[in-house]
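**Student:** sequence and predicted structure are below.
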Amino acid sequence: AQTVTQSQPEMSVQEAETVTLSCTYDTSESDYYLFWYKQPPSRQMILVIRQEAYKQQNATENRFSVNFQKAAKSFSLKISDSQLGDAAMYFCAYRSILNAGNNRKLIWGLGTSLAVNP
Amino acid sequence: KAGVTQTPRYLIKTRGQQVTLSCSPISGHRSVSWYQQTPGQGLQFLFEYFSETQRNKGNFPGRFSGRQFSNSRSEMNVSTLELGDSALYLCASSLDGTSGNTIYFGEGSWLTVV
């Protein structure tokens, strides 16, 4: 079974600085999707970035980028020029590329709470 | 385009009661999934529905059930509530639930069992 681990329960960063959140995962599959979701106090999960495992190029969305190391099964999120609005829980999630039965779900890490200090 | 809508947003129930939560997916989305979020267990998958059929079910007792209607709206029901059922219940929708879909979440329903 696949697992996702986020080893940093809490992180903090100064406004305008850069912070990296860590995520490791375990799977025997060769193709899959990885996600970073943000959960602000409103509790709505918001997709930050998505990475397809078959793509070697790291995904980027504006100030958010990932460092995807497939062999190491590592998927870290870098937030550049941090803003106060970035303060939230960040979750790393895994989705099998397969669509049969028990594969049809996201598997989540426990999250990292990010504080942004002014 | 309206997002995923969950009702009610907050509710308090007593042990032994039952509760029904509702989710309206984004227009055109036919796959609806439910997740339970608790501080201790994190996010756990409950079930997924597509075209009124349950396609996948997580490791939850039979007290947790769901259904989907012809308009893709979904409900989940928890019977004989226990204190441990207190959680945020998140609904997610996508076009057809396949792996390449973008998944959108609602704001959740906060259930407190006393």
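**Tutor:** Looks like it came in fine.
**Student:** for residue 43, what are its contacts?
**Tutor:** Picking chain A for this. B:88, B:90, B:107-108, B:110 (Cβ atoms under 8 Å, 6 or more residues apart in numbering or on different chains). In this view, the C-beta of every residue, glycine as well, is placed from N, C-alpha and C.
**Student:** not quite, go with chain B.
**Tutor:** A:91, A:106, A:108, B:35-37, B:90.
**Student:** JSON lines for those, including neighbour count?
**Tutor:** Below are these laid out as JSON lines (neighbours: other Cβ atoms under 10 Å in any protein chain shown):
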{"residue": "A:F91", "neighbour count": "25"}
{"residue": "A:L106", "neighbour count": "20"}
{"residue": "A:W108", "neighbour count": "23"}
{"residue": "B:Y35", "neighbour count": "24"}
{"residue": "B:Q36", "neighbour count": "21"}
{"residue": "B:Q37", "neighbour count": "21"}
{"residue": "B:L90", "neighbour count": "24"}
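**Student:** what is the most widely separated pair among those?
**Tutor:** A:F91 and B:Q36 (14.0 Å; Cβ to Cβ).
**Student:** isn't A:S76 right up against A:N67?
**Tutor:** Yes: assessed by Cβ atoms under 8 Å, A:S76 is found in contact with A:N67 at 4.7 Å.
**Student:** can you list residues touching both of those two?
**Tutor:** Common neighbours of A:S76 and A:N67, counting by Cβ under 8 Å, 6+ apart, are A:T20.
**Student:** enumerate the residues of chain B near chain A.
**Tutor:** By the rule Cβ under 8 Å from any Cβ of the partner chain, the part of chain B lying against chain A is B:33, B:35, B:42-43, B:45, B:48, B:55-56, B:58, B:88, B:90, B:92, B:97-100, B:102-108, B:110.
**Student:** would you mind checking these for buried ones?
**Tutor:** With burial judged by 16 or more other Cβ atoms under 10 Å in any protein chain shown, the buried subset of the residues of chain B next to chain A is B:33, B:35, B:42-43, B:45, B:48, B:55-56, B:58, B:88, B:90, B:92, B:97, B:99, B:103-108, B:110.
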